[in-house]
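Peer 1: Give me coordinates for this.
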Amino acid sequence: MLYKFRLIAICLVVLLFYGFVLNLYFAQDDFFHLKVSQTTGTLKEFVNLFSFSEFSERGGIYFYRPVFREGLFNIFYRIFGLNPLPFRLTQLLIHLVNIFLVYKLIFRITRKTNVALISSLVFGLSAANIAVLTYLAGGIQASGMTMFLLLSMIYFSKFKFIAFLFFVLGLASHELAVVYPLILVGLGIVEHRLKMRFIVPYLVTVLVYVFLQVKVIGLPLSEAEYGLSLSLPRILNSYVWYFAWSLSVPEMLLDFVGPGIKLNPNLMTYWGNYFKVIFLVFGVILILLAIGLKDLIKNKLTWFFIFWFVVGISPVVFLPLHKSTYYLAPVLPAVGGILGLSFNGIYKKKRFLGYLFILAFIILSATTVNLSQTTYWAITRSGIAKNLIVDIKNAYPELPGGAIVYFMNDPDYPVINKEWGGSSKQAMVALSGSDALQLVYKDSSLRVYYEDGGPKPQEPFFSLRAKIGM
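Peer 2: Take a look at the predicted model:
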């Protein structure tokens with residue numbers, strides 16, 4: 001019973017860390033996903049959201065994620081409109097459920113309460129969850145997929161059919177689930193329960209899924225950010241970044257590290273005094289992790305968790321220009337297992353070092369979460385979107401059908417660089433072009449132009465300064 005109270009305590013700390021997400025609005029891809037998930041209300045149209053269809057027929061969406069994208073967004077928008085709270089509550093609730101599932105699974109694998117509790121703590125608190133919990137459009141898909149895959153792993157040994165259904169739901173939540181059968185093979189080997197005839201349905205399903213994804217929906221081969229790289233150094237570089245992020249290193253550090261591990265001095269402008277804390281504590285974590293794992297190098301569980309991490313994140317390590325910490329959701333339980341085993345090894349030798357290990361992880365996570373509340377793009381853009389929508393609704397409570405809105409640059413907004421542009425470009429990104437205002441005014445024919453997005457519209461328009469603040 002004591003472990004339940006400790007799990008509840010972990011959840012309370014998680015709420016302390018991430019409770020602020022309940023106050024976040026929609027931003028960027030959220031509006032796009034809300035828009036493309038809409039139907040006229042017929043059952044046939046809703047069912048069609050779950051079908052495989054060509055890219056252009058899906059509103060410009062490549063990947064098949066209907067459970068936590070089209071399905072969820074359609075239902076919630078129909079019931080709650082542009083009220084973000086139900087979305088955010090669902091997102092946070094899934095995360096809390098996953099904390100309990102991680103404990104249950106890791107305990108079943110290791111039979112060690114300490115390892116399972118540390119795994120749940122790492123999974124729940126890792127600063128990688130900033131992306132999972134603030135980037136609504138992608139985060140809720142990855143988190144929902146993780147929930148289904150954890151359930152599938154938990155039930156696989158006793159309830160084969162139920163486990164398979166959970167896998168299918170996970171695959172329909174996010175494409176990262178395609179590597180799950182390999183992880184299942186690893187789990188079967190560790191638990192001495194591997195019977196290939198039970199894995200075959202999973203493999204067949206993945207093959208059918210990949211065929212439909214490639215041949216029917218299509219792949220974003222023309223988009224630069226999805227450019228594949230088979231360079232071993234770049235692949236290893238991606239693995240290093242994903243592992244560092246899982247240990248709570250801020251995601252934005254990637255933008256300030258050049259070739260040869262050279263730090264851009266502009267990083268200090270954003271991090272300030274956080275700089276020393278983050279690097280010092282991260283160093284402590286790495287040293288203690290190495291000490292803890294030194295005696296576990298022959299432990300098959302250690303290698304299973306490493307295998308889980310390597311395989312689980314493998315579909316995105318070939319995309320060097322498309323890195324995001326929300327992809328870590330399905331492998332954070334494995335990182336938790338690695339840290340849990342390491343903690344157990346340290347704790348048996350010197351309790352003080354074991355507690356220092358966990359304290360360092362908590363401090364680094366808390367520091368990164370606190371820093372990210374003013375620097376992470378999903379958080380800042382949700383504030384921008386909310387303020388802009390309030391401004392335009394105050395200026396124009398109603399707009400005629402097919403109206404044109406033109407956002408001008410705010411002369412008081414400092415242009416940091418050409419890529420970022422003026423305030424109108426930031427508004428264009430935060431509002432996803434015309435998507436947000438089409439939802440606000442419930443008019444799919446409404447058009448929105450931005451000063452940094454091209455020339456002024458020729459027809460009469462309603463104008464507004466894009467005051468986004470700093």
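Peer 1: show me the residues around the spatially most central residue of the chain that make contact.
Peer 2: Nearest to the mean C-alpha position of the chain, counting by CA atoms, centre = their mean, stands residue 326 at 2.2 Å. Residue 326 makes contact with 128, 131-132, 135, 138-139, 142 under the criterion CB atoms under 8 Å, 6 or more residues apart in numbering. In this view, the C-beta of every residue, glycine as well, is placed from N, C-alpha and C.
Peer 1: That one - nearest residue in space that isn't next to it in sequence?
Peer 2: Excluding its sequence neighbours, the residue lying closest to residue 326 (CB to CB, 6 or more residues apart in numbering) is residue 131, at 3.9 Å.
Peer 1: next helix or strand past the host helix or strand of that neighbour?
Peer 2: Taking DSSP states H and E as the definition, one finds residue 131 inside helix 129-134. If you walk from helix 129-134 toward the C-terminus, the next helix or strand you reach (DSSP H and E) is helix 136-155.
Peer 1: Quick one: residues in contact with the helix or strand just after that next one.
Peer 2: Under the assignment DSSP H and E, the closest C-terminal helix or strand after helix 136-155 is helix 160-171. Residues from elsewhere that reach helix 160-171 (CB under 8 Å, 6+ apart): 67, 144-149, 151-156, 177-178, 180, 198, 201-202, 205-206, 209.
Peer 1: Pull out the buried positions in helix 160-171.
Peer 2: Using 16 or more other CB atoms under 10 Å as the test for burial, helix 160-171 gives 163-164, 166-171.
Peer 1: ok, now stretch 461-468?
Peer 2: So stretch 461-468, judged by 16+ other CB under 10 Å, has buried residues 461, 464-468.
Peer 1: Equivalent analysis for stretch 238-249, please.
Peer 2: Buried residues in stretch 238-249 (16+ other CB under 10 Å): 238, 241-249.
Peer 1: same deal with stretch 2-12?
Peer 2: Of the residues in stretch 2-12, those buried by neighbour count under the rule 16+ other CB under 10 Å are 7, 10-11.
Peer 1: any chance of the buried residues of helix 160-171 in a markdown table, with distance to residue 271 and pLDDT too?
Peer 2: Conversion of these to a markdown table gives the following (distance: CB to CB, whole Å; pLDDT from 0 to 100):
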| residue | distance to residue 271 | pLDDT |
| --- | --- | --- |
| 163 | 44 | 94 |
| 164 | 46 | 96 |
| 166 | 41 | 97 |
| 167 | 41 | 97 |
| 168 | 43 | 97 |
| 169 | 40 | 97 |
| 170 | 36 | 97 |
| 171 | 39 | 96 |
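Peer 1: quick check, nearest of those to residue 396?
Peer 2: residue 169 (42.3 Å; CB to CB).
Peer 1: where's that closest one relative to residue 107, distance?
Peer 2: 23 Å (CB to CB, to the nearest Å).
Peer 1: if we can go back for a sec, and the helix holding residue 131, how far from the chain's centre?
Peer 2: The chain centroid and the centroid of helix 129-134 are separated by 6 Å under CA atoms, centre = their mean, to the nearest Å.
Peer 1: Counting by contacts, list what that helix packs against.
Peer 2: Taking 3 or more CB pairs under 8 Å, 6 or more residues apart in numbering; DSSP states H and E as contact, the helices and strands that helix 129-134 lies on are helix 85-110, helix 136-155, helix 351-375, helix 377-395.
Peer 1: Show me what the shortest one packs onto, helices and strands only.
Peer 2: Read that as helix 377-395. Applying 3+ CB pairs under 8 Å, 6+ apart, we find helix 377-395 packed against helix 129-134, helix 351-375, helix 423-430, helix 435-440, strand 462-466.
Peer 1: Now the weakest link among the ones you listed, please, by mean pLDDT.
Peer 2: Lowest mean pLDDT of the helices and strands packed on helix 377-395: strand 462-466, a mean of 88.
Peer 1: Just the C-alpha atoms of that one, please, in CSV.
Peer 2: Backbone C-alpha positions of strand 462-466 (Å, rounded to 0.1, in the frame of the first residue of the first chain) are rendered in CSV as follows:
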residue,chain,number,x,y,z
PHE,A,462,-10.4,45.0,-41.6
SER,A,463,-7.0,45.9,-40.2
LEU,A,464,-5.4,45.5,-36.8
ARG,A,465,-1.9,45.9,-35.3
ALA,A,466,-0.4,42.6,-34.3
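Peer 1: Helix 423-430 and that strand, what's the angle between them?
Peer 2: Using axes from the mean of the first three to the mean of the last three CA atoms, to 10 degrees, the interaxial angle of strand 462-466 with respect to helix 423-430 works out to 100 degrees.
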